[in-house]
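Colleague: with the input below, show me the fold.
(2 chains)
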Amino acid sequence: MSEDLLTIAGKTYTSRLLIGTGKYKDFEETRDAIEASGAEIVTVALRRTNMGQNPDEPNLLDFVSPERYTILPNTAGCFNAEDAVRTCKLARELLDGHSLVKLEVLGDQKTLYPNIADTVKAARELVDDGFQVMVYTNDDPIVAKELEDVGCVAVMPLGSLIGSGLGILNPHSLLLIMEQAKVPIIVDAGVGTPSDATLAMELGCDGVLLNSAVAHAKKPVLMASAMKKAIEAGREGFLAGRMPKRVYANPSSPGEGLI
Amino acid sequence: MNLIVNGDPYPFTGTTVADLVAELQLTGRRLAVEVNREIVPKSEHGTHTLREGDTVEVVHAIGGG
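Modeller: Next up, the predicted model:
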């Protein structure tokens, strides 16, 4: 098979698994899980530093090097466009002008559903300011199209609620989104098991972004490896093209020559 | 002078953003600094003078999804 690459904002990636760095036991486990996942794009959050009370505190980016990975800073925790845009600008400064960001503007604490009005507003401002925006959204095809039209480089609908592990609850919506999309569609949020990730890829998604499914597994590094294989299996299954479904049986062994 | 740094009052005896970063023992770390909601680029940390009442944010990357 010729090389099957994922292209985002003009850069190509071999892996279709994007992975988060939250909720791990420590930075060693974070590093080992990311390594096992084969991911090349790794999300991080931005928060205030400590005030010097812990000068020897290790830094995430010493374990997950921006030289090796494409660091994707997120706007998690932002509930309006203004905070999200501000966070992206800080991220760009932090990462020496790196302009690829994961935009998420959240609607409420309980569901972490996106606030679509502010997501679109922030996306527009960020694109105008030269950012390459990968955007978290709901699984609404109309919204996905609008975000693409605004200029986002990838649209990332949820499979189910962030951190829920409930899997892909509306595969039909994802199909509608992909049918019309001209940018990569990456399932972001909800994947709980390798089979969830495989399903997303079998449907034809360009990638999967996950965090909790690995970080909250009993053995995160092993789950990271499982997710890598699940994504690859789902992708190959999609490219191979599934057999048609039938209502009645169809024997695999020939009827001719029966004794 | 009195600053607000990362949300809390902070008495500061230095002059520049670089002085503040050094006082917080964060020199050489990957971070970004905002003063009164305007980003101060790394190249200007040594020359940007802080003033009484300035609100400063110093952020870094942590784990997130």
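Colleague: contacts, neighbours, all on C-alpha from now
Modeller: OK.
Colleague: which bits of chain B sit near chain A?
Modeller: Selection of chain B residues close to chain A by C-alpha under 8 Å from any C-alpha of the partner chain yields B:6, B:23-26, B:30-34, B:39, B:41-42, B:57-65.
Colleague: and the nearest residue to residue A:18 once chain neighbours are set aside, what element?
Modeller: Nearest-residue entry for residue A:18: residue A:209, 4.4 Å, with adjacent residues in sequence omitted and distances by C-alpha to C-alpha, 6 or more residues apart in numbering or on different chains. Element membership for residue A:209, per DSSP states H and E: strand A:207-210.
Colleague: buried residues in that strand?
Modeller: Burial within strand A:207-210, assessed by neighbour count using 16 or more other C-alpha atoms under 10 Å in any protein chain shown, is assigned to A:207, A:208, A:209, A:210.
Colleague: just the element for residue A:182, please.
Modeller: Element membership of residue A:182, judged by DSSP H and E, is empty: it is in no helix or strand.
Colleague: residues contacting residue B:14?
Modeller: Contact partners of residue B:14, counting by C-alpha atoms under 8 Å, 6 or more residues apart in numbering or on different chains, are residue B:20.
Colleague: typed the wrong thing, it's residue A:221
Modeller: Contacts of residue A:221 were listed using C-alpha under 8 Å, 6+ apart, and they are A:29, A:32, A:33, A:34, A:36, A:37, A:214.
Colleague: over to residue A:186?
Modeller: By C-alpha under 8 Å, 6+ apart, the contact list for residue A:186 reads A:154, A:155, A:156, A:157, A:205, A:206, A:207, A:208, A:209.
Colleague: how about residue A:138?
Modeller: A:113, A:114, A:144, A:157, A:158.
Colleague: and the residues you listed as CSV, adding pLDDT, distance to residue B:2 and secondary structure?
Modeller: What follows is the contacts of residue A:138, written out as CSV (pLDDT from 0 to 100; distance: C-alpha to C-alpha, whole Å; DSSP: H, G, I helix; E, B strand; the rest coil):
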residue, pLDDT, distance to residue B:2, secondary structure
A:113, 95, 39, coil
A:114, 97, 38, strand
A:144, 97, 47, helix
A:157, 98, 45, strand
A:158, 97, 45, coil
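Colleague: buried among these? Make that a PyMOL selection.
Modeller: Provided next is the PyMOL selection string for whichever of the contacts of residue A:138 are buried by 16+ other C-alpha under 10 Å:
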select buried, chain A and resi 113+114+144+157+158
